[in-house]
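A.B. asks: What would the 3D arrangement of this be:
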Amino acid sequence: MTTSPIAININFDSLNENLGFPNGFRDPSYFEIFDNFMLFSEKYNFKYSIYIIGRDLENPEIAARVKDWHQMGHEIGNHSYSHHMSVGGLKPKELEYEIMKAHELIDTTTGQVPRGFICPGWSTSKKVVEILINNKYLYDASLFPSFIMYPSILKNAFNHLGRPDKLKEILSRRDYLFPLYKPLTPFFADKNFNAVPATSKENILVMPLPTLSRMSFAMWHTLIFVFGIEKSKKRLQNYLDKYPYFYYLMHPADLMGSDSVKDAKHTIERMEVDYKTKEAYATEAFELIKQSKRPIVTMEQLALHFIEESKTK
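C.D. replies: Okay, here's the model as predicted:
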């Protein structure tokens, strides 16, 4: 059983983005929905790592809210500017804009540049890693090293059959071969996305989505709505026992009631599940995490912990 720290992450896939950034829309994800997440942060005494879509920060009310989160000690990471469904498949200049525009908006909002990045839909590429290294990012959490990535892509594509623009985005990835050979656990990568020693001159720490085997479903909170709570608790316990640099990934929809998106044409899954059930599922997960006695830190702190341990090996 491992006792290394773990992190709790939120990929902040906003309602605003899902609806196409409509004018005048007040996105409850940043207000009432995040308040639901804060109840757990306060109860279990930890700080989240929150990956923000840069375009959301062009709304002054949202920017003020995110600034507050930063001042409360939560880590604010980069989740790209517009949440393109295959950001890693963009042309180099477009890709750099997606990463760096969000980077600048986060810096302007919080007064601190982000040190961590995650691609929407884990749609990474060699070029993503190169841009992150060039801009001195500490870590990247965009790698999905499991064969289950393939049915996940197909499911996402099916959910967007009515939106040809999004469907094209989803299928234009550059990482289709990565689940076949990329490491399952954290590693240092160079600009060609090859694993290198920690002592290499230019590298970034890649922190893959926690995965115990290439044929496993990996581990993130949303899978509770696929497998059910009892099976998911057993899977989470297994990861807490065995995966040394574990992080538990969540999304706003995991604590979003169906009334939050009433009368809106969205593509968000699991909205048929009521808030009380979602709250109960999250409570079960956090209780298991608490019982593991593994300290909860931010992803930046978890990355630094791995880097320090690497120096002693």
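A.B. asks: from the chain's centre, how far out does stretch 215-223 sit?
C.D. replies: Computed by C-alpha atoms, centre = their mean, to the nearest Å, the chain-centroid distance of stretch 215-223 equals 13 Å.
A.B. asks: Kindly check the end-to-end length of that stretch for me.
C.D. replies: 15 Å (C-alpha to C-alpha, to the nearest Å).
A.B. asks: Could you list the residues in contact with that stretch?
C.D. replies: 144-148, 209-212, 226-227, 232, 235-236, 239, 243, 246, 248-251, 253-254, 269-270, 281-282, 285 (C-beta atoms under 8 Å, 6 or more residues apart in numbering). In short, each C-beta sits where N, CA and C put it, glycine included.
A.B. asks: Stretch 152-172 too?
C.D. replies: 84-86, 89, 121, 144, 173, 267, 269.
A.B. asks: Dump that stretch to CSV, restricted to CA.
C.D. replies: Written as CSV, here are the backbone C-alpha positions of stretch 152-172 (Å, rounded to 0.1, in the frame of the first residue of the first chain):
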residue,chain,number,x,y,z
SER,A,152,-14.1,6.7,-25.4
ILE,A,153,-13.4,8.6,-28.6
LEU,A,154,-16.1,6.7,-30.4
LYS,A,155,-18.6,7.4,-27.6
ASN,A,156,-17.7,11.1,-27.7
ALA,A,157,-18.1,11.2,-31.4
PHE,A,158,-21.6,9.5,-31.1
ASN,A,159,-22.6,12.2,-28.6
HIS,A,160,-21.8,14.9,-31.2
LEU,A,161,-23.3,13.3,-34.4
GLY,A,162,-25.6,16.3,-34.7
ARG,A,163,-22.7,18.8,-34.7
PRO,A,164,-20.4,18.1,-37.7
ASP,A,165,-17.9,20.7,-36.6
LYS,A,166,-17.4,19.1,-33.2
LEU,A,167,-17.3,15.6,-34.8
LYS,A,168,-14.5,16.7,-37.1
GLU,A,169,-12.6,18.0,-34.2
ILE,A,170,-13.0,14.9,-32.1
LEU,A,171,-11.6,12.6,-34.9
SER,A,172,-8.6,14.8,-35.9
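A.B. asks: helix/strand/coil for Met215?
C.D. replies: Recorded secondary structure, Met215: coil (DSSP: H, G, I helix; E, B strand; the rest coil).
A.B. asks: what number of residues lie near it?
C.D. replies: 10 (other C-beta atoms under 10 Å).
A.B. asks: could you flag which of the contacts of stretch 215-223 are buried?
C.D. replies: 144-148, 209-212, 232, 235-236, 239, 243, 246, 248-251, 253-254, 270, 281-282, 285 (16 or more other C-beta atoms under 10 Å).
A.B. asks: Helix or strand: which one has Ala63?
C.D. replies: Per DSSP states H and E: Ala63 is located in helix 60-71.
A.B. asks: Show the subsequent helix or strand relative to that helix.
C.D. replies: strand 75-78.
A.B. asks: can you give me the strands in the stretch 151-300 of the chain?
C.D. replies: 187-189, 195-196, 204-206, 247-250, 296-297 (DSSP state E, counting those that start in this stretch).
A.B. asks: Could you look over those strands and pick the most buried one?
C.D. replies: The highest average neighbour count among the strands of the stretch 151-300 of the chain, using mean count of other C-beta atoms under 10 Å, belongs to strand 204-206 at a mean of 24.
A.B. asks: tell me what it is packed against?
C.D. replies: Counting by 3 or more C-beta pairs under 8 Å, 6 or more residues apart in numbering; DSSP states H and E, the packing neighbours recorded for strand 204-206 are helix 126-134, strand 139-140, strand 187-189, helix 299-311.
A.B. asks: the helices in the protein, which residues?
C.D. replies: For the chain, the helices defined by DSSP state H occupy 15-18, 32-44, 60-71, 92-110, 126-134, 149-159, 164-171, 178-181, 224-227, 229-242, 275-292, 299-311.
A.B. asks: nearest to Thr2, of the ones you listed?
C.D. replies: helix 229-242 (6.9 Å; C-beta to C-beta).
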